[in-house]
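Chemist: Everything below, folded, please.
(3 chains)
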Amino acid sequence: MISGTFNPSMILSILPEISILVLGFLVLFFDLFLSKEHHDKLGWITAGGLGVIIIGCLLVIRPNESVLQTFAFGGMIRYDWMGFTFKMLFLFSAAITAMFAMGMEKIGKRGEFYLLMLASTIGMCLMASAADLIMLYLAIETTSIPLYILAGFITQDEKSTEAGFKYLLFGAMTSAILLYGFSLLYGFTGTTQIYKISNIIQSGGIPTELSFGVLILVIVGFAFKISAVPLHFWAPDVYEGAPTPVAGFLSTASKAAGFSVLLRVLLIAFPEILPYWSAFLVAISTLTMTIGNLLALTQKNIKRMLAYSSIAHAGYALIGLGSITYDSFFGMSSVVFYLIAYVITNLAAFGVVAAFGRVSGSDDIAAYAGLSRRSPALALAMLVAFLSLAGMPPFGGFVVKFIVFAAAVQANLIWLAVVGVLNSIIGLYYYLTVLKVVYLYRSEDEEKPLPIPRSYSLALGVLVTGILLIGIVMAPWLNLSIKSVVSLF
Amino acid sequence: MDFISSHLLTFILFSPVIAAVIIFLLPKEQENLIRWAALVLSLFPLAFTIILWCGFDRSLAGFQYQESFVWYPAINSSFHVGVDGISLTMVLLTTLLTPVSILASFSIKDRIKSYMILFFLLEMGMLGVFLALDLLIFFVFWEFGLVPMYFLINQWGSEKGEREIWGGKKIPARTYASFKFMLYTMAGSLGLLLAIQMIGVVANTFDLPTLYRVWPTLDKPLFGLSISTVKSIAFWAFTIAFAIKVPVWPFHTWLPDAHTEAPTAGSMILAGVLLKLGAYGFLRFVLPLYPAESNYYAGALGFLAVMAIIFGAFASYGQSDFKRLVAYSSVNHMGFVVLGIAAAAHASGTENANIAMNGAVLQMFNHGLSAAGMFFLVGVIYERTHTRNLNDFGGLFPLVPVYGGILIFTSMASLGLPGLNGFISEFLVVRGSWPVFTVYTALAMIGLLFTGAYILRGLKQVLHGPLNEQWIGHLTEINTREIVVMAPLMILMLWIGVWPAWILDVINRAVAILF
Amino acid sequence: MQFPILSVIVFTPIVAGLLILMIPADRKTEVRVTALAASTFALLLSIWAYFSYDVSAGGYQFVEKVSWLPQLGISYHVGLDGMNAPLLLLTGVVMFTGVLISWGIDDRPREFFAFLFILATGVFGVFVTLDLFMLFFFYEIAVFPMYLLISIWGWKETREYAAMKLTLYLFIGSVIAMVGALAMYFTAGMKTFDMLELEKAGFSIAFQQLWFPFVFLGFGVLGGIWPFHNWSPDGHVAAPTAVSMFHAGVLMKLGAFAALRVGVMLLPEGAKFWMGGVICLTLVNVVYGAFIASVQNDFKYVIGFSSVSHMGLVLMGFATLTKTGLIGSGIQMFSHGVMTALFFAVVGMVYDQAHTRDIPHLGGFRKYMPLVAVAFIVGGLVSMGMPGFSGFVAEFPIFMGVWQSYPWVALIAAVSIVITASYIIRVIGRVFFGQLPEEFEGHIHDVTVLDKVALVFLSAILIILGVFPGIMVPMVQSGVENVMRLLGGA
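Modeler: Numbering: from 1, shown residues only, chains lettered A, B, ... in the order given. This next block holds a predicted model:
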């Protein structure tokens, strides 16, 4: 099945990555040759290009039945629905982020910003489909390094610099641990092919404790990416300091990438010790959502609050991961579904924050007073995004939470579902607190209009539509999620 | 015509509602139009009742003119109405007193439209109680009648007077009185309501004729209690509700307040009809549904009745307020009704019982006439003098001879002067209960003595003695409208006193069948 | 294919809400007219649905079923039966009158009506849905606009606190019930959320006994069951008039109704096991609620606690598990809904003029707003269970049901009737009669024509139902027979 020879059809499996690369060169080209005053077009080029790529991929390289589940490039890449779904998600978030970035004064006109973002997107796409530990590690680094720079992109701003540096330090440390785990794994099994590890562990008689120990090292690496407790400390500081679109990108695409890898590695490489890692993940999940939610309660800065809320959401997604059973695809698909909805919703939340922050220059929750009078449309978008995060119908957040809790109940983890449920109530509390400020409080600035650039309107419109679509027309999305997890095996 | 005669009771019952609706549609400013329209409309129920009276077949047993259709299917309750001699008498009393009271209310100036509407609703409530042959329907009207009465007292009651309630706070007396009236009666009805619910649950029907057969013969234990205990409790629930309404001592304290504060016409209806509801309840529900318990507890009831007679008389004697005096006299007179009922219950099946019962029912009718008359006369003088204090009057007879004559006539009827109606009924009651409750009846006779005393005292203080000079020139003679109000009452008082057979005939048939 | 009347009813408000959001913010009149048109349309449709329901045939009618999430067996499945038809009508009525009453709202009416209509869609949805998942879906839709409506347009003093308290209470209740629903789904193993299917799942007795309290009390929170009733008076008081009407009139029914649909109907054995306990809780509701209401000085708190007391009666009727009791509850839900809507409308009108709700400071309003006084009296009489009004025809069977199952409870609960009478009379006397305080002289005006229409409409319903219970009883009875069938004909 895995062959080392090159086959032209393999190109299809990395067509998105190639296209992004091309787009990156285009951006660079325009950056050089466009006059300064037209530099704000760069964002449209990036976003438009990504949109074209998405449409193109959907039309051309959708994994159809004939080429389903094939390995490419000597087993480095696996070409399946799982990878494809996540790639589309990354491309989508990159496009949206580009649109948000456009409106930001300090980053929107700089070609290198878009280039770095695209580079990082390439890394994520590879993460989603990597089937080999080496490939995986490379992909992770390709993702991370541009992100470090993006987080510290505004060099004049101390906070931004600090964010970039902090992110770098944490990232470097955890990726070292991850690499250590990978090397141990290679040492024990003699292979870096994820799909072969399982067999070897089974036949090679590697003690369960040992493989579990290795697995913990690996999980640490990913836990950083998905900002699970106890490796969540970086998130609030980085989100706060980084430019808002970057924070949005970090909290969505990057997190989803972490989950996509986690799913593949855990399910494919370590099926034998499922009870161990699922128990471990359940514990992490409980901690993550509880701590995330509790800390979010006290935040005064909306980006910090969203950071903690995104930690909590990682916890909810981990409920699905901890509830995985091999009897049904329910637990696994619930994670994928959760991520789809979460990415779209959280992008919208950060989008609103960006749109507000670029005018008011403040990220304090208190500054949002009177927003519903200044811009009813933006307030409404915020309402939709936050209520979806809180898990209210008819928004996407409700359906996916329902399904994640259902997965927990199905796995007989009723207590976990109850913990999740109680957590979502805490979540509701702080989301409502923000909405209260938006809708209820008056402010002196409320007469000032709040201009919203076209790119923001478009992006937020797309996101709100997406949130509603997921919440109301659920069947296709769940189908997609199921198709993705089925294709893993 | 056929249609009317087959739905006669429905017509009687709901013609007041139609009247209320018509009044509602009249313009608020046309006060005279409203008054006359109300009077004319109130004659319709009376006319229907007279048709009913004439068409009523005295020789037949049981209920006549019955109508029934399903009202509340899920719990087997039907709108079932019918009349026998007892209810027919009461219906006549009600439909007669209503036009009289409306005529008496012509002097009301404040919000006459709402007043008249409430009055018609009140009439409907009372008629419904007398006509209902379904326990639930009965209760519906029983409770419903409270509402208009409450507002009549609360809104059109006497404007003077304050009452101190807890905490030293002062509230208008009419507010106090109406609240007390409402709360007493509702609290009393509560037990009734619960008992009705229980009967409904056990018997699965509210139809009275059916219950007459089913309920007294029930002998299975209920709710883990023996059937006799359950029935005793239910009996007392019924009894207390009705006793409050009558009112029997010691449940009477709401009455003087309510009467005193109510507007004149309100007092007339209150004393004339509303008090009869309680007594009627005894006759229609308590005795037939609980023959054994009534028999067993008749002594207690008789005792309460005697206390009501004696204390009512004493209290009446002690009043300096003319209206309160008349109010307590109602306690006194209604005591005879209850005494008659108690005696009949104790000796059911005997001739004594029959006589006592006839007396009780007739006393209900008579008291309706005389109490209404008395309250009206108090109202007449109050409107002119704006005082009810007996000490402020004195020697008025020369100033208002016609009024004085009427007052004396009515008082004598109330006192039980032979030749007038009161004598007939009280005699019958005493005659019937003497062999049954000799001691009680003897005590009641002492009460009767005081009845004479307080009525004469009242007459003396108002009409005789030295003339209170301040009224000269201020006190005007009773006017034509007021005489027209009194005329039908006085005619009936005299008529029954002289020839009671026409009404006793109707009553007796029903009573004979009942027991 | 027949006309999808239920779907049209359910989605009319939300479509109208979205349309309203598209109207420019300063075109307030257009916003109001659109709202009125939409609510009239929904009302007419619900009247039509109510009266074209064929009682003799019974069962679920106007059924629509569209598969929605086939992987989990979720479908959009709606139907009308004797239990929910009155509630559908109730929602239509309250929505219509709520819009009339809210005509005067001047602060962002566009958002107000939009949120109110989203809420209405949720309410309609819960009542007609036959799918467990959809029930939660609509339930949450009904809950969250409440937060905004109260916190934005509510009474300044307590609105933030009350709105948050209400939302969290209700959310906790619903998510706990949701866990129970998930447990049912997986235990049944039928791969369906369809309640008609789940009714046949045959859960083990132990399972039913374990999960019943979670489900019943989870929904019971919204029904105002003691000791989880605390959110309700605060919420009522803080909410703007129309929202109080919706809240007490319809939303609390939502909880009770869902407790019946999911708790009692899907877990009948659990219901039989726990009902003794539930009836004790509801008894506290009934008596304690009435008592607390009687010592309040705030006009709106009086009504708020009276709702707690009356909703206790609804749940008590359920808890009897008898046919009569359930019929009574069914009617009480409708009657109380209309009554309390009327009450809150009146309170709102008084407050708008007096700017205080402190009962000792009010008085004499009859003189300037006679119709309002009459309407309140009608509501008061309904509230104290006066015969001839709808409250009586509702409470009477409930008490009969209680007699059948727990005679002693009936005796205690009856105390509440007297307490209710006393506080209602007190409020009527204090607020509408007596002396008008001097500071109001010249400031008090009669209410608008629209307000009058709303009041007359609501009062008329209460009286008509009280005089002719036959227009609703057979329908509720047919619904209750279905419940009794699930309870094993007990």
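Chemist: need the contact list for residue 264.
Modeler: By default, I'm working from chain A. A:Met82, A:Ala130, A:Ala131, A:Ile194, A:Leu488 (Cβ atoms under 8 Å, 6 or more residues apart in numbering or on different chains). (Glycine included, C-beta is placed from N, CA and C.)
Chemist: if you could check chain C rather than the one you did, that'd help
Modeler: C:Phe216, C:Ala271, C:Phe318, C:Leu321, C:Val483, C:Leu486, C:Leu487.
Chemist: How far does the host helix or strand of the second one sit from its chain's centre?
Modeler: The secondary structure element spanning C:Ala271 is helix C:268-294 (assigned by DSSP states H and E). Distance of helix C:268-294 from its chain centroid, counting by Cα atoms, centre = their mean, to the nearest Å, is 18 Å.
Chemist: got the buried residues for that helix?
Modeler: Neighbour-count burial for helix C:268-294 flags C:268-275, C:278-279, C:281-294 (criterion: 16 or more other Cβ atoms under 10 Å in any protein chain shown).
Chemist: surely B:Val378 meets B:Phe322?
Modeler: Yes - here B:Val378 lies in contact with B:Phe322, judged by Cβ atoms under 8 Å, at a distance of 5.2 Å.
Chemist: joint contacts of those two?
Modeler: Shared between the contact lists of B:Val378 and B:Phe322 (criterion: Cβ under 8 Å, 6+ apart) are residues B:Arg388.
Chemist: follow-up on the earlier one: of the contacts of C:Val264, which is the most crowded?
Modeler: When neighbours are taken as other Cβ atoms under 10 Å in any protein chain shown, the top entry among the contacts of C:Val264 is C:Phe318 (31 neighbours).
Chemist: Can you tell me how far A:Ser278 is from C:Ala183?
Modeler: Distance, A:Ser278 to C:Ala183, by Cβ to Cβ, to the nearest Å: 20 Å.
Chemist: Check C:Pro387 too.
Modeler: Using Cβ to Cβ, C:Pro387 is found at 45 Å from C:Ala183.
Chemist: Give me the more crowded residue out of these two.
Modeler: Neighbour count, other Cβ under 10 Å: between C:Pro387 and C:Ala183, C:Pro387 has more, with 27 against 22.
Chemist: give the contact list for the more buried one.
Modeler: Contact analysis of C:Pro387 by Cβ under 8 Å, 6+ apart lists B:Phe139, B:Val140, B:Phe141, B:Trp142, B:Glu143, B:Phe144, C:Gly466.
Chemist: With B:Ile507 instead?
Modeler: B:Ile507 is in contact with B:Gly85, B:Ile86, B:Thr89, B:Asn358, B:Val361, B:Leu362, counting by Cβ under 8 Å, 6+ apart.
Chemist: What residues does the stretch 101-250 of chain C have near chain A?
Modeler: Remark: the part of the stretch 101-250 of chain C in contact with chain A comprises C:108, C:111, C:133, C:136-138, C:140-141, C:144, C:147-148, C:151-152, C:159-160, C:163-164, C:167-168, C:171-172, C:175-176, C:178-179, C:182-183, C:185-186, using Cβ under 8 Å from any Cβ of the partner chain.
Chemist: among these, which are in strands?
Modeler: In this view, those have no member that belongs to strands under DSSP state E.
Chemist: before we move on, back to that, most surrounded residue in the contacts of A:Arg264?
Modeler: A:Met82 (27 neighbours).
Chemist: That residue in helix, strand or coil?
Modeler: Under DSSP: H, G, I helix; E, B strand; the rest coil, A:Met82 falls in the helix class.
Chemist: Backbone torsions only: list them for the residue of the stretch 301-450 of chain C found nearest chain B.
Modeler: Residue of the stretch 301-450 of chain C nearest chain B, by Cβ to the nearest Cβ: C:Pro387 (3.5 Å). In terms of degrees, to the nearest 10, the main-chain angles of C:Pro387 are phi -60, psi 150.
Chemist: What sits closest to it if chain neighbours are left out?
Modeler: Using Cβ to Cβ, 6 or more residues apart in numbering or on different chains and skipping the chain neighbours, the partner closest in space to C:Pro387 is B:Val140 (3.5 Å).
Chemist: my guess is the one you found meets B:Gly128, correct?
Modeler: Yes - counting by Cβ under 8 Å, B:Gly128 is a contact partner of B:Val140 at 7.0 Å.
Chemist: hang on, the earlier thing: following the helix holding C:Ala271 in sequence, what is the next regular element?
Modeler: That would be, after helix C:268-294 and using DSSP H and E, helix C:299-320.
Chemist: Does that next one reach chain B?
Modeler: No - taking Cβ under 8 Å from any Cβ as the criterion, helix C:299-320 and chain B are apart, separated by no less than 10.8 Å.
Chemist: contacting residues for A:Ile311?
Modeler: Each residue near A:Ile311 by Cβ under 8 Å, 6+ apart is listed here: A:Ser227, A:Ala228, A:Val229, A:His232, A:Ala235, A:Thr288, A:Ile291, A:Gly292, A:Leu295, A:Ala296.
Chemist: which among those gets closest to B:Val484?
Modeler: Nearest to B:Val484 among the contacts of A:Ile311 is A:Ala296, at 84.3 Å by Cβ to Cβ.
Chemist: domain parsing for chain A?
Modeler: For chain A, automatic domain parsing gives the domain ranges A:13-172+A:235-257, A:274-489.
Chemist: Tabulate those domains in JSON lines, adding columns for mean pLDDT.
Modeler: Converted to JSON lines, those look like this (pLDDT from 0 to 100):
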{"stretch": "domain A:13-172+A:235-257", "mean pLDDT": "87"}
{"stretch": "domain A:274-489", "mean pLDDT": "88"}
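Chemist: And the average pLDDT for stretch B:382-397 is what?
Modeler: Across stretch B:382-397, pLDDT averages out at 80.
Chemist: Can you name the residues in contact with that stretch?
Modeler: B:107, B:260, B:264, B:319-325, B:378, B:381, B:403-404, B:458, B:461-468, B:471, B:474-476.
Chemist: Over to stretch B:303-317?
Modeler: Contacts of stretch B:303-317 (Cβ under 8 Å, 6+ apart): B:243, B:247-250, B:252, B:256, B:325-326, B:328-339, B:341-342, B:440, B:443-444, B:446-451, B:453-454, B:457.
Chemist: Repeat the analysis, applying 6 Å as the threshold.
Modeler: Taking contacts as Cβ atoms under 6 Å, 6 or more residues apart in numbering or on different chains, the residues outside stretch B:303-317 that touch it are B:248-249, B:325, B:328-329, B:331-332, B:335, B:338-339, B:342, B:440, B:443-444, B:447, B:450-451, B:453-454.
Chemist: Show me just the buried residues among those residues.
Modeler: Applying 16+ other Cβ under 10 Å to the contacts of stretch B:303-317 flags B:248-249, B:325, B:328-329, B:331-332, B:335, B:338-339, B:342, B:440, B:443-444, B:447, B:450-451, B:454 as buried.
Chemist: Nearest to B:Ile269 among the contacts of C:Val264?
Modeler: Using Cβ to Cβ, the contacts of C:Val264 come closest to B:Ile269 at C:Phe318, 42.4 Å.
Chemist: Which part of the stretch 201-350 of chain A gets nearest to chain B, residue-wise?
Modeler: Residue nearest to chain B within the stretch 201-350 of chain A (Cβ to the nearest Cβ): A:Phe330, separated by 45.4 Å.
Chemist: hang on, that residue packs against A:Ala407?
Modeler: Yes - when contacts are counted by Cβ atoms under 6 Å, A:Phe330 is listed as touching A:Ala407 (5.3 Å).
Chemist: Strands of the chain, start to end?
Modeler: Going with chain A. A:70-72, A:77-79.
Chemist: that's the wrong chain, I wanted chain C
Modeler: C:61-69, C:74-80.
Chemist: interface residues of chain C facing chain B?
Modeler: Remark: the part of chain C in contact with chain B comprises C:324, C:327, C:386-388, C:397, C:399-400, C:403-404, C:407, C:414, C:418, C:421, C:425, C:429, C:469, C:473-474, C:477, using Cβ under 6 Å from any Cβ of the partner chain.
Chemist: are any of the residues you listed buried, and which?
Modeler: In the residues of chain C next to chain B, burial by neighbour count holds for C:324, C:327, C:386-388, C:397, C:399-400, C:403-404, C:407, C:414, C:418, C:421, C:425, C:429, C:469, C:473-474, C:477, counting by 16+ other Cβ under 10 Å.
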